[in-house]
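Student: Okay, predicted coordinates and the sequence, questions at the end:
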Amino acid sequence: MASFVSLKDVYKRYQVGEVTINASDGMTFDIEKGELAVIVGPSGSGKTTVLNMLGGMDSCDEGIISVDGSRISGYNRKQLTLYRRYEVGFIFQFYNLLPNLTAKENVEIAGQTNKDYIPAVDILEKVGLGERINNFPAQLSGGEQQRVSIARALAKKPKLLLCDEPTGALDYNTGKMILKLLQDTCRKDGMTVILVTHNTAITPMADRVIKIKNSKVDSIRINEKPTPVEEIEW
Amino acid sequence: MKAFNKNTFREISKTKNRFFSILLICAIGVGFFSGVRATCDDMKTTADNFYDENCLFDIRVLSSFGLTDGDKEALLEIDGIDGVYTSKYTDLSLHNKEHEYLTRVYSAQNEDINKIDMVEGRNIENEGECLISCNFVKSGVAGIGEKITLEDLTEADEFPLSKKEYTVVGLYNTPMFISITQRGSTNIGDGSIDAFMIVDEKDFTQDVYTEIYATSDKLKSEKSYSDEYKSLRDELVDKLEELGVKRSEIRTDEVLGEARQEIADGEEELEQAKIDGEKELSDAKQELDDGKQEIEDGEKELLDAKKELDDGKKEIEDGEKELASAKKELDDGKIQLDDAQKQLDDALKELDDGKKQLQDGKKVLDDTAKQLSEAQAQLDENRKQLEAGRTALEAAKAEFNANLAQYESAEAELKSKEEQLLAAEQMFGKEAMASYRAQFEAAKQLLAENKAQLDAGKTQLDEQEQTLVEGEKALADGQKQIDENRALYESGVKEYNENEKKLSDAEKQYNEGYAEFSEKKAEYEKGVKEYENGAKKIADAKKKYNDGLKEYEDGLKEIEDAKVKYADGLKEYEDGIKEYNEKIADAEKEIADAKQKLADAGSAEWYLFDREDNVGYAEYESNAERINKISAIFPIFFLLVAGLVCLTTMSRMVEEQRTQIGTLKALGYSSGAIVRHYMIYAVLGALVGGIGGAFFGCVLFPWVIMYAYSMMYNITDFVFLFAPDNIIFSVGSMTAAIAITVYFSCRKALGETPASLMRPKAPKAGKRILLEKIPFIWNRMNFFAKISGRNLFRYKRRMFMTVVGIAGCTALSLTGFGLKDSISDIVDLQYKSIYKYSGYVAYDENASDSELQTVYDDMLGYNPDTNYTRALIKQYETKFENSTVQCYVTAVENTQIFESFVDIHERVSREKVSISNGAVITEKAAKLLGAKVGDEIELSIGGGKTRKVKISGITEQYTSHYLYISGSQYEEIFGEAPKYNIVYFDNGITGDDSEEINKFSEIMLKNENILAVMMNATSLSSIKETLSIMDLVTIVLIVSAGALALVVLYNLSNVNITERIREIATLKVLGFYDAEVSSYVFRENIVLSIMGGAVGLLLGHWLCMFVITTAEIDEVMFGRVIHPLSYLWAFLVTIGFSLMVNLIMTRTLKKISMVESLKSVE
């Protein structure tokens, strides 16, 4: 039985002028269902490329990527759109909320695409923003915006939650709260969460830590006993 | 610094799209601006080149007495006049096959002035050859090699040329008349010249020149329509006017001196002729009077004889009359006699009949008497027999009664004996008595037999009795009948006796009548004899009378002959008087005319004309000026939109490059240097695009417009000036506008600190919009509509600009469509709603009434229901205050019919205006003149006498100018009855039915009084063709509008997308389909397009009206109505372009990479 998420010899190359850059140089790793996996590595090591490929935003040039038994590496444009629409949730460093929509509307816009979704108010209450559902992003703090972003990702009940440096633009405490929310989501709802960061300090909270260096998988470590976020300091 | 510049150029190659869009919008803006602005000068220069090349005259001199070589030399002496050329012309009617055309025939043209342009054929080489103007040939009437005939339409005695027939050898264009439609006016025919012709100067019979053309080198070096030209020319004209006064005096003496002597000689001659003539006449009169006396004497004698004869005749007549009455009396007597004779005969016959009847009656009576007595005898016999029977019966009755009594006693005895027997039998028994019994029975039997005998006897007696009674009854009946017959017989006898008496009376009467009759007959016969004697006497008298009568008649005849002779003599004498009077009057009139002419001629006068007096020349200028007016509003519009678009683009660019600006600032570059970077970028685009656009526009727009006008003017060889000032101004203003927008875009960014610049600019915060406060609508909108609604108001500036850009596009399209509407409308309005008649025929104005009747007959021959009325059409120069317009004065014979042919009404109020109430002028002419109802305008032809007309109405009209008046008003104004020259008709032909038109024309043109047939249906199609040139202008407008719309929308959409690329990428990450992403963006575009379209329709209506009023040419009034469909089309064109841009942008949207767009700002 294959793993829930699996990458096998995945290559991704960019042509910049006459130079070919390998953003992913034969990466291989697996992630099991319900795990909180952290992909960690320095800037430009290719970790975001991996996440983008997993999220269906980018395609690989070689190798196999499969999620829940589907081989998304062979998907065409339309299939990728459907994959993004129904199967994955995305959380960005800069939240990428639509500035012209209120918190509630930002969540609804994702829910609108799915038949089966959690009502925006419910999910916003769940992430602790029940009071601010009618505020525009500009009226929310960074942490609050990121929580809206998480609510937006969760509203459509994805199979997979992908987070790209979710704390990168947040202060320490707020970042911690966000990580806690993600860890709770994983633990309590059994959501598979993949988190990309350059910050090695937060790796103890993960079930699985995949270290990437120079576009290659450097090491994979399984944390038998992940540390709760509250206990992590960096 | 070098690296910094490199950065700028690399920037350009990196953002080709953006740079190109700036370049393009500048090209379109500048191209349109400079192109339309250049057109006016290009047109004028093209015309100037044409005039210079063809050596068009500068000043034209005409004199009322003609011009001489002396005038020519005097002109040459004037400073500023460098060329002087003489020319003769005359206006004639040109015949060709079946048409007639008013033609101005010129003497051979000089090479150095008004140079003709030989289009085809060769110049005149032999006698009897001519050249003809091209426009004439265009109408397909005469070609090279064809023979034409000229005819004089005036009543002059002398034909102005030595020949009447010419062969066409060449076709030419003349610079003098550049207008294809207008060729000036003349005072013959309908006043409008159709063609020009050139013949050898030797062919002209007149010695003097008609006109002299002058050129000036100084003027030639100036541009024709420039102010310099005008002022120099005016100076020259002033000088020539002075000269004109001097030369005119000389010419007057030359011409009039001769004429005065001639008149004096003529007067003297007349006096002598009067004296001679009067003597001759009085001699003749004496002779005639003598003859008359003789005749009168003879007549008197005859009169006496006549009286005698008449008396005799009367006597005879009286005798005859008496005789006739006697004869009548006799005839009456005869008739009476005959009647009496007949009556007598009838009576005799009746008498004989009566006698015979009477005898017959007597015989019948006798027979009857005899019969009666016989019957009585038999009756008596019968009665006797009956009485004997009665007696016998009585005896038989008595015997029977005795026998009956005997029987009854025997019976009673028998009865008693029976009782005894019975008692005996009882006592003795029967046996003992049996013998007694038998005896008794026998006795009884015997008795019974007696009884039967008795009964039979009784019956017989009754029967006899019966028969007797019947016999008695028959006897009584017979007696009664006989008695009746006898009574009848007796009355018959009585009647007979009466008749017999009557008959004898009648016989007596008859005999008396007959005696009377015989008496009368004898009397009558005597009368007849008397009558015959009288008749004989009368016949003798008659014979005598007839002899006398014959004698009298002979005498009478003699007198008659004498009388005829006298009358002849008298007539001769009267003719003589008449002839004498006429001759004298003619001579007197001739002298008076000559004197009048001399007085009329007054003195010679010079008329000076410059090019402005040339129809096409001035009109061409005003057309060019009109384009200039349009260029004042149209292109600025383009420039404005282009500037707005650039502003948006550049400010977006600056915003996008905040980080770079921050970095540069941080690196220590001055604000100026940074601004320069963007300045160079934008200004380079503006310059390259602007200069390219200017050159392109300066060819395209002038070409299109001049090409359109080349269908109205003979001017070819278009000149494109590329005037530096125009190009510099338009490119400069565009560049300046762009530079200012760049400065304003940068200023805000440069005001920030480098640090804040390097941070990504927070996207514009969302805001609730007003609409959300209206839950009624807001709650009904779907999710995406809400987002679009908010987005629209989030970027107000972009919204404003898009609306303006699109409104501009719609306005331009609407102008294009509206222009086309208003132009194509006029033809139908003119020829369907206003002109209701079928056409008109022009006929020889000198035609007699009977000749005119043939024209009417031919019309009615085609269609008996044809309605028609005559009119006089002549072109006049109308003047009011300082404006002049060439106007057709139309005097109408029957205004009522004419008003059913032409719908004369005020355009706005649709109120009817009637010609019978006064002169009615067409709308455009009134507008050009600036005249209103109630104003008095002046009419004149070629500097002739001026008449005044008061305008009493203004009517809707789209092509040409007319002044409608009634025939009677014409007479009031011009002091003479109108010489009608055309007949308007309505014969049912309305559509372009060429078969019917040909049929009709053929009939009409066979009539030699008809000069031309014009059908409205034909004019309609030819005008439609001419106006189709405006389609070109329409297309240019719509294409320009489209290009503008495309560029504006493309630019703004591009800005919209780049500005919101993160949002779009986010939507993609969220798994939105391509269509959903597109609609998220384009929903706004469509809303903006609709808003812009709506604004544009309002703007366009105004723009279109402006263009229509400025662009229309003098001859024509454009319609003032834009069709509803055109609004729709203009709107659809805009929406169409908007959708096209959306389609293009869909591809761009598809290509947006999520990864790239969402990359964290580093």
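Tutor: That came through, no problem. Numbering: from 1, shown residues only, chains lettered A, B, ... in the order given.
Student: Outside of the lowest-mean-pLDDT helix or strand in chain A itself, list whatever touches it.
Tutor: Scoring the helices and strands of chain A by mean pLDDT, DSSP states H and E places helix A:103-111 at the bottom, with a mean of 83. Taking contacts as C-beta atoms under 8 Å, 6 or more residues apart in numbering or on different chains, the residues outside helix A:103-111 that touch it are A:97-98, A:101, A:117-121, A:123-124, A:129, A:132-137, A:140, A:144, A:148, A:151-153, A:155-156, B:783, B:786-787, B:1067, B:1070. For glycine as for every other residue, the C-beta is placed from the backbone atoms N, C-alpha and C.
Student: can we see that at 6 Å?
Tutor: In this structure, residues lying in contact with helix A:103-111 by C-beta atoms under 6 Å, 6 or more residues apart in numbering or on different chains are A:97-98, A:117, A:120, A:132-133, A:135, A:148, A:151-152, A:155-156, B:1070.
Student: same question, stretch B:852-861
Tutor: For stretch B:852-861, with C-beta under 6 Å, 6+ apart as the criterion, the contacting residues are B:843, B:866, B:985, B:1003-1004, B:1007, B:1009.
Student: can you give me the mean pLDDT across that stretch?
Tutor: Stretch B:852-861 carries an average pLDDT of 88.
Student: Enumerate the positions of that stretch that are buried.
Tutor: By neighbour count with 16 or more other C-beta atoms under 10 Å in any protein chain shown, stretch B:852-861 contains the buried residues B:852, B:854-855, B:858-859.
Student: Which strand or helix spans the residue of chain A at minimum distance from chain B?
Tutor: Of all residues in chain A, A:Arg85 sits closest to chain B, at 2.6 Å by C-beta to the nearest C-beta. Here A:Arg85 sits within helix A:77-86, counting by DSSP states H and E.
Student: Is the helix or strand following that helix positioned near chain B?
Tutor: Scanning forward in sequence from helix A:77-86 by DSSP H and E, the next helix or strand is strand A:88-91. Yes. Interface with chain B: strand A:88-91 contributes A:Phe90 (C-beta under 6 Å from any C-beta of the partner chain).
Student: what helices or strands is strand A:88-91 leaning on?
Tutor: helix A:142-155, strand A:160-164 (3 or more C-beta pairs under 6 Å, 6 or more residues apart in numbering or on different chains; DSSP states H and E).
Student: could those go into a markdown table alongside mean pLDDT?
Tutor: A markdown table is the format used below for the helices and strands packed on strand A:88-91 (pLDDT from 0 to 100):
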| stretch | mean pLDDT |
| --- | --- |
| helix A:142-155 | 88 |
| strand A:160-164 | 90 |
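Student: got TSV for the ones you listed, with distance to B:Leu1049 and mean neighbour count too?
Tutor: Supplementary listing: those in TSV, determined by distance: least, C-beta to C-beta, whole Å; neighbours: other C-beta atoms under 10 Å in any protein chain shown:
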stretch	distance to B:Leu1049	mean neighbour count
helix A:142-155	32	25
strand A:160-164	36	24
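Student: Which among the ones you listed is found nearest to B:Asp152?
Tutor: Nearest to B:Asp152 among the helices and strands packed on strand A:88-91 is helix A:142-155 (100.4 Å), distances taken as C-beta to C-beta.
Student: Need the contact partners of the closest one.
Tutor: Residues external to helix A:142-155 that are found in contact with it (C-beta under 6 Å, 6+ apart): A:89-91, A:95, A:97, A:103, A:106-107, A:110-111, A:117-118, A:123-124, A:127, A:129, A:137, A:161, A:169-170, A:174, A:178.
Student: Repeat the analysis, applying 7 Å as the threshold.
Tutor: Counting by C-beta atoms under 7 Å, 6 or more residues apart in numbering or on different chains, helix A:142-155 makes contact with A:89-92, A:95, A:97, A:103, A:106-107, A:110-111, A:117-118, A:120, A:123-124, A:127-129, A:132, A:137, A:140, A:161, A:166, A:169-170, A:174, A:177-178, A:181, A:185, all of which sit outside it.
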